[in-house]
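S.K.: Let's see this in three dimensions:
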Amino acid sequence: MTWTYNKEPFTEIPDGYVAFVYVITNTVTGKKYVGKKLFKFTRTSKRKGKRVKKQIDSDWLDYYGSNKELLSHVDLFGKEKFTREILYLCKSKGEASYMEAKEQFDRDALISEDYYNEWIMVRVRKSHMKKINLEIL
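M.R.: Next comes the predicted model:
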């Protein structure tokens, strides 16, 4: 199953965006998972004694979350029984972290049995939010 954004298939990374916040829905049980994913990540290696940073594409196209129960249900029911919807495209890691936590709190994802989410871990400074896209709030 492919990602969707605004009800359209999403397969290309738009310029200027580094991450997205998503919801994955199990169409058999109705249970959901809210998370975030980076499009690329940085790897540091040493070459000739110097540290070199390299951008590497993440596995976002094939990603089904990090929750163990969710992943076991993907194996049990099959990928075709899950929808993957992008809620927000984010221009920074801080923006993605904030929007993920906001969405999880707004949906009561830790309280409701309708969600796979088991914990919310977020550290965002006010300085991270200076460049937030206010249109998505």
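
S.K.: centroid residue for this structure?
M.R.: The C-alpha lying nearest the average C-alpha coordinate of the chain belongs to Lys36 (C-alpha atoms, centre = their mean; 1.9 Å).

S.K.: Would it be right to say that Gly65 lies in a strand?
M.R.: No - using DSSP: H, G, I helix; E, B strand; the rest coil, the assignment for Gly65 is coil, not a strand.

S.K.: Look up the closest residue to it, ignoring the ones flanking it.
M.R.: Using C-beta to C-beta, 6 or more residues apart in numbering and skipping residues adjacent in sequence, the residue nearest Gly65 is Tyr33, 4.9 Å away. In short, each C-beta sits where N, CA and C put it, glycine included.

S.K.: which is the next helix or strand following the strand or helix carrying that neighbour?
M.R.: Secondary structure from DSSP states H and E places Tyr33 in strand 32-38. Later in the chain than strand 32-38, the nearest helix or strand by DSSP H and E is strand 40-47.

S.K.: So in that sheet, which strands flank that following strand, and in what orientation?
M.R.: strand 50-57 (antiparallel) (DSSP bridges).

S.K.: Check the offset of the strand it pairs with from the chain's centre.
M.R.: In terms of C-alpha atoms, centre = their mean, to the nearest Å, the centre of strand 50-57 is found 22 Å from the chain centre.

S.K.: average pLDDT across the following helix or strand past it?
M.R.: Following strand 50-57 in sequence order, the next helix or strand is helix 68-77 (DSSP H and E). Here helix 68-77 scores 97 as its mean pLDDT.
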